[in-house]
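> Fold the following and give me the result.
(chains A and B)
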Amino acid sequence: MRVFIENFCSKTSFLLAVSSIMKNLINFLIQYSVVFLFLFLEVISFTLIVKNQEYQKSVFLSSSNSMVSGMYEWSNSIVEFFKLRAANDNLSEENTALKNQIINLQNKLSTLKPETSDSVHFRVPPEMEYQFISAKVINSSTNKLQNYITLNKGAIDGIKADMGVISDEGVVGIVKIVSKKFSVVIPILNPKSDISCKFKRNNYSGGLIWSGEDYRYGNLTDIARHVELALGDTIITSGFTSSFPEGIPVGYIEDFKIKESDAYYKIKVKLAVNFRTLSHVKVINYLNFQEQKELEKKSEEQ
Amino acid sequence: MPTVLQNIFRFVLLVLFQVLVLNNIQFLGYINPYLYILFILALPVQMPRWFLLVLAFIIGLTIDIFSNTIGMHAFATVFVAFLRDGIIKLFTNIEEGNNPTPSFHTFGVSAYVKYIVVMVLIHHATLFILEAFSFAHFWLMLVKILISSLITIMLILGIQSIKTR
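So this is what the prediction gives:
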């Protein structure tokens, strides 16, 4: 009997102790609930940031998102009105340039035309088979360290990731992700972009990287010190990546420096495109992309 | 419930103004004021802290969705909202039972200016450090923080001084 009572007492005291601990724990949780909520929310935000860095952008929750894009499109339709004049000027300039080109090409063609039409097999070189998809910029920034551009065309218009984007003036960037109706472009003004360029004059190539400071200038890297340079030299795309054909203007040499000890030039490039007034762009669809990629992959495997 | 309505209205107005107007201001390539933080700064002083944190998270995430910076604004606003009570207590002594909205009138001019300056600086610093995510662009980042904070502070003080008249 006595043993039983002792046993009972020790059990109850144990239960009491446990319940008091629980009480303290609950009190503690209530007292610091705000701190926990704070930490919880910060962890969520931080995970979002880190995830976002990894996958570039999740289509949902970015400005490819249809509601957000719809609103930007609406706001852009107003702002665009004020840019019409500049856009018109550009268009007419491009028109005249194109007309000149047509005349040139016609002249060339007429001189090259063989007397008998069946003897010559004439074909466009495969690396030149391109199509342009015109699109409009509906959101862009130039003042961040990592800038992005949103376009109003997406997968249903035939846009895919890794396609090049140009404007009438020159190279804009490369398509990163695509949703059904919208796509996000990584422009030159983003440290993640690295576009392969070369000099129009002598074909030496290097990579163009943005300095992060000014939306008008970029830096050209990997140009060795024996290369001859001059201020104002034109820099064009090299055509080594399948995103851009050869010969699209990227920028002009604004300034270059080299120290005695350096092997490479420091070249400051004035970008051909004015990213602040960008509104109409063309997305380049390289028709033989798949074939070229597969062939190159095969050669790597062997 | 006029304060609730007033704050909802302020939320919508500030988000739209931030997204459609201020995010397009790119003066000198450095300056991007973030005025929307005024929403957090102008909430009543005795607001439950958990609710303040949730509201901060919501407005941060809204701005994030519009400016393609998922998580950054949310992180900065929640951080600032967490520090808000401490900073208010540091600069003012509001009696128990009173529940004023922060302004020149209720805080007094010098306390209010200090409060705005400290909060905006903390917010902008958090935001720009997160944006850079490294110390590679340290001086550029510092200049951005200082200039953008200055503009935001001036905008907020300007708006508040017009309102109190």
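> When you work out contacts or count neighbours from here on, use the C-alpha atoms and nothing else.
Fine.
> So is stretch B:81-96 next to chain A?
Yes. Using Cα under 8 Å from any Cα of the partner chain, stretch B:81-96 reaches chain A at B:Phe82.
> List the buried residues of that stretch.
By neighbour count on 16 or more other Cα atoms under 10 Å in any protein chain shown, the buried set for stretch B:81-96 is B:81-82, B:84, B:87-88, B:91.
> Kindly report the same for stretch A:68-84.
Neighbour-count burial for stretch A:68-84 flags A:68-69, A:72-73, A:76, A:80 (criterion: 16+ other Cα under 10 Å).
> One more: stretch A:233-244?
For stretch A:233-244, burial by neighbour count (16+ other Cα under 10 Å) applies to A:234-239, A:242-244.
> and the residues you listed, which of them are in strands?
A:234-237 (DSSP state E).
> out of these, what pair is the most spread apart?
Spatial extent of these (Cα to Cα) is set by the pair A:Thr234 and A:Thr237 at 10.2 Å.
> list residues touching both of those two?
Common neighbours of A:Thr234 and A:Thr237, using Cα atoms under 8 Å, 6 or more residues apart in numbering or on different chains, are A:249-250.
> Distance of the residue in chain B that chain A sits nearest to relative to B:Ile63?
Going by Cα to the nearest Cα, chain A is nearest to B:Gly71 of chain B, at 4.3 Å. Shown here: B:Gly71 relative to B:Ile63, a distance of 10 Å by Cα to Cα, to the nearest Å.
> who has more neighbours, those two?
A side-by-side neighbour count of B:Gly71 and B:Ile63, using other Cα atoms under 10 Å in any protein chain shown, places B:Gly71 first with 29 against 23.
> Give me the neighbour count for the closest residue in space to that one that isn't next to it in sequence.
In space, and not counting its chain neighbours, B:Gly71 is closest to A:Ser45: 4.3 Å by Cα to Cα, 6 or more residues apart in numbering or on different chains. For A:Ser45, the neighbour count with other Cα under 10 Å is 23.
> who's in contact with A:Ser45?
By Cα under 8 Å, 6+ apart, the neighbours of A:Ser45 are B:70-72, B:74-75.
> what does A:Tyr265 give?
Shown in contact with A:Tyr265 (Cα under 8 Å, 6+ apart): A:221-225, A:256-258.
> For chain B, tell me which of those show up nearby.
Okay, of the contacts of A:Tyr265, nothing touches chain B (Cα under 8 Å from any Cα).
> re the thing from before, in what helix or strand does the residue nearest to B:Gly71 lie?
helix A:33-54 (DSSP states H and E).
> Can you report the mean pLDDT over the residues of that helix?
Taken as a whole, helix A:33-54 has an average pLDDT of 82.
> got the buried residues for it?
Neighbour-count burial for helix A:33-54, with 16+ other Cα under 10 Å as criterion, is recorded at A:34-35, A:37-38, A:41-42, A:45-46, A:48-49, A:52.
> So A:Gln146 is in contact with A:Pro187, correct?
No. Counting by Cα atoms under 8 Å, A:Gln146 does not reach A:Pro187; the two are 9.1 Å apart.
> A:Glu254 belongs to a strand, doesn't it?
Yes. Checked against DSSP: H, G, I helix; E, B strand; the rest coil, A:Glu254 lies within a strand.
> what sits against it?
Taking Cα under 8 Å, 6+ apart as the contact definition, A:Glu254 lies against A:231-232, A:267-270.
> Model confidence score at it, please.
With respect to pLDDT, A:Glu254 scores 88.
> can you check A:Gln106 too?
pLDDT, the model's per-residue confidence, is 76 for A:Gln106.
> Contact residues of chain A facing chain B?
A:33-34, A:37-38, A:41-42, A:44-49, A:52, A:57, A:61-63, A:68, A:75, A:141-146, A:148, A:213-215.
> could you point out where the chain is predicted with low confidence?
Let's take chain A. Across chain A, the ranges flagged by pLDDT under 70 are A:1-5, A:8-9, A:52-66, A:113-128.
> right idea, wrong chain: chain B
B:1, B:26-30, B:96-97, B:133-136, B:164-165.
> what do you get if the cut-off is 90, keeping everything else the same?
The model of chain B has pLDDT under 90 over residues B:1-7, B:9-10, B:16-33, B:42-50, B:64-72, B:85-86, B:88-111, B:127-145, B:147-148, B:159-165.
> Just give me the residue right at the centre of it.
With distances taken as Cα atoms, centre = their mean, B:Ile37 lies nearest the centre of chain B, 2.2 Å away.
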